[in-house]
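In: 3D model of this:
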Amino acid sequence: MATGNSVIENKLVQLKLIVGRTRKILESGNQEAVERQQRALRTIVADIDKCKVEEEARMIDEKKELTEISEWNSNIEEKLSEADKDIHDLREWCERKLLNVRRQDFTPKGRLILTKQHLCYNCTGSSHRANDCPSQSKCQKCGRRHHTSICDNDSKSGVKGKKLLISCEVNPEGIFPVVRMKVDGIECRALIDSGAGSSYASAKLINLLKKKPVEVARKRVDMLMDSQEALLETYEAVVEAVTGDFRMSVNLTKVKKQELLFVDNPCYEEVIKKYPHLEGVEIVEDDVKAQLPIHVVLSSGDFSRIKTDAKLRVGRDGEPIAELTKLGWFIMSPGSEFDKAKMFLTQTTHSDYEQLCKLDVLGLEDKPENDQGQ
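Out: Residues are numbered from 1 along each chain as shown. Here you go, the predicted structure:
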């Protein structure tokens, strides 16, 4: 245990030094320095998380008390929370800068800004080039594959000269069923997954609740050539509608990640305006970020508890569907299904071996469509 702890302690000292530079870097306004700091923090946090997982597994093998392991784990998580806050601040700084770029004039001036900032011409992201962009979105003015803000074609822009702040067309991958709600008074977003057997919450949300788990259980995970025991923490919380007119008690399984996943912002206001059958649907969402963090996944059992008798808002084939629940409205695209791989990828992945482990730890079935042979 001493060896494992000494490695983590050294990493925590490194983390403290890196965190101490964040404020100064943000004040400098240097985008390259901000992005470099964000990468440095993510790297050291991932290293610590990897050491923590390995040490935790060793403590389980040695049959340490669950309460002792849980307290040790909580102490590490508490020290990581400061880095998580810095990562959040750095990411928001980058998003604000990106939004400012999107607000620039169209035509070559906007293109020049993207070039100077080393941003993708298609999605204005900073982690790849336009040729490698995974987004399938197209320009709303000419239909070609570039961001609307750099298009100089006014033929499809409606009112000539009108400026569009951000792209709000429906994501080709579909709209996922997401509702805003409160968990013990903390407002967050929840994704409804009718295929999940349990409800999950991010480590960030669980830490904010400042609760102790109602159950800490060992679970043996069978893998290809070995088996391993892992800890599973379950917390009891109260889920409440943002309007305050409904609440229910739920059990949330902690996933050791600050956000379970991110979903693309569908720009609900534009979607509701576009489809007449959605008239009267009210979505509580005023965030303009390109991607929205999800901190809770509600299981099929909890979904059945929030269903109402209200009639589904269904349009023509391929158009979004809206459903009213006790937590409020949600909109989803027909046929869109939550890809659990997105949540697995948000885990700290050290190897394919550990991903197989985590897939079972979360209590999710290994379905045929995810097999290597498919």
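In: Could I get the full set of helices for the stretch 251-374 of the chain?
Out: Under the criterion DSSP state H, counting those that start in this stretch, helices of the stretch 251-374 of the chain are mapped to 268-274, 300-306, 340-345, 352-361.
In: So which other helices or strands are in contact with the first one?
Out: With contacts defined as 3 or more C-beta pairs under 8 Å, 6 or more residues apart in numbering; DSSP states H and E, the packing partners of helix 268-274 are strand 328-332. Bear in mind the C-beta positions are built from the backbone N, C-alpha and C, glycine included.
In: which residues sit against the strand it packs on?
Out: The contact list for strand 328-332 (C-beta atoms under 8 Å, 6 or more residues apart in numbering) reads 174-181, 192, 241-243, 266, 268, 271-272, 278, 281-284, 320-323.
In: Pull the CA coordinates from stretch 177-186 and hand them back as PDB.
Out: What follows is stretch 177-186, C-alpha atoms only, in PDB (Å, rounded to 0.1, in the frame of the first residue of the first chain):
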ATOM      1  CA  PRO A 177     -34.400  12.600 -24.500                       C
ATOM      2  CA  VAL A 178     -33.000  15.000 -21.900                       C
ATOM      3  CA  VAL A 179     -34.800  16.800 -19.100                       C
ATOM      4  CA  ARG A 180     -33.600  19.400 -16.600                       C
ATOM      5  CA  MET A 181     -34.400  18.600 -13.000                       C
ATOM      6  CA  LYS A 182     -33.100  19.000  -9.500                       C
ATOM      7  CA  VAL A 183     -31.300  16.400  -7.500                       C
ATOM      8  CA  ASP A 184     -31.500  17.300  -3.800                       C
ATOM      9  CA  GLY A 185     -31.900  20.900  -4.900                       C
ATOM     10  CA  ILE A 186     -29.000  20.900  -7.400                       C
END
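In: who touches it?
Out: 187-192, 201, 205, 208-209, 211, 237-242, 252, 263, 284-285, 292, 294-296, 323, 325, 327-332.
In: if we can go back for a sec, please indicate which of the contacts of strand 328-332 are buried?
Out: Among these, those buried by neighbour count (16 or more other C-beta atoms under 10 Å) are 174-181, 192, 241, 266, 268, 271-272, 278, 281, 283-284, 320-323.
In: Keep only those of these that are in strands.
Out: If you go by DSSP state E, these have 178-181, 192, 241, 321-323 in strands.
In: In TSV, list those residues along with pLDDT and distance to residue 6.
Out: Shown next, in TSV, are these (pLDDT from 0 to 100; distance: C-beta to C-beta, whole Å):
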residue	pLDDT	distance to residue 6
178	94	43
179	94	45
180	94	44
181	94	42
192	92	44
241	94	48
321	92	55
322	93	55
323	94	53
